[in-house]
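[1] What follows is a predicted protein model with its sequence.
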Amino acid sequence: MNARSRTTGYRWLVGCCLLSSLGSVGCLQTNIGGQTLPSAYYLDDDVQYFPKGPETKLANQIRALERYKVEQEGFLEAGAAP
């Protein structure tokens, strides 16, 4: 077996591997009649969107405590007894 046929064999092998990998990679959405439809596994997919919200679950309580502290400081500065 000469070097040229061995190189050609390697090229065919690499080409076949590339074609098979291209067929197995990609998104699972389909286009039918101009519509983009989800994959058949959309119920098992991970959530990719998280709506913006407060960092902590106690956001209202923290906000109320901060407002209370500010009000108390205002009373103390005005000279009113707590």
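    Structure's in. What do you need? Owing to the predicted nature of the structure, the values given are computational and were not obtained by experimental measurement.
[2] all contacts plus neighbour counts: C-alpha atoms, from now on.
    OK.
[3] Below-threshold pLDDT in this structure: ranges please.
    Applying pLDDT under 70 to the chain picks out residues 1, 3, 21-29, 78-82.
[4] got the residue ranges for the helices in it?
    Taking DSSP state H as the test, the helices found in the chain are 3-24, 59-78.
[5] out of those, nearest to Gln48?
    Each of those has some distance to Gln48 by C-alpha to C-alpha; the shortest is helix 3-24, at 21.9 Å.
[6] quick one on the thing from earlier: let's have the helices of the chain in JSON lines, adding mean neighbour count.
    Below are the helices of the chain laid out as JSON lines (neighbours: other C-alpha atoms under 10 Å):
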{"stretch": "helix 3-24", "mean neighbour count": "11"}
{"stretch": "helix 59-78", "mean neighbour count": "12"}
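[7] Of those helices, which is nearest Gly53?
    helix 59-78 (9.6 Å).
[8] what's the most centrally placed residue in the chain sitting at in phi/psi?
    In the chain, the residue lying closest to the centroid (C-alpha atoms, centre = their mean) is Gln48, at 3.9 Å. Main-chain dihedrals, Gln48, degrees, to the nearest 10: phi -110, psi -10.
[9] Distance check, it against Tyr42.
    12 Å (C-alpha to C-alpha, to the nearest Å).
[10] and if you look at Val70?
    Distance from Val70 to Tyr42, by C-alpha to C-alpha: 49 Å.
[11] Same check on Glu71?
    51 Å.
[12] How about Glu66?
    Note on Glu66: its distance to Tyr42, by C-alpha to C-alpha, is 43 Å.
[13] got it, and Leu18?
    27 Å.
[14] Likewise for Lys52?
    From Lys52 to Tyr42 the distance is 23 Å (C-alpha to C-alpha).
[15] the more surrounded of those two?
    Taking other C-alpha atoms under 10 Å, Lys52 and Tyr42 do not tie; Tyr42 has more neighbours (12 against 6).
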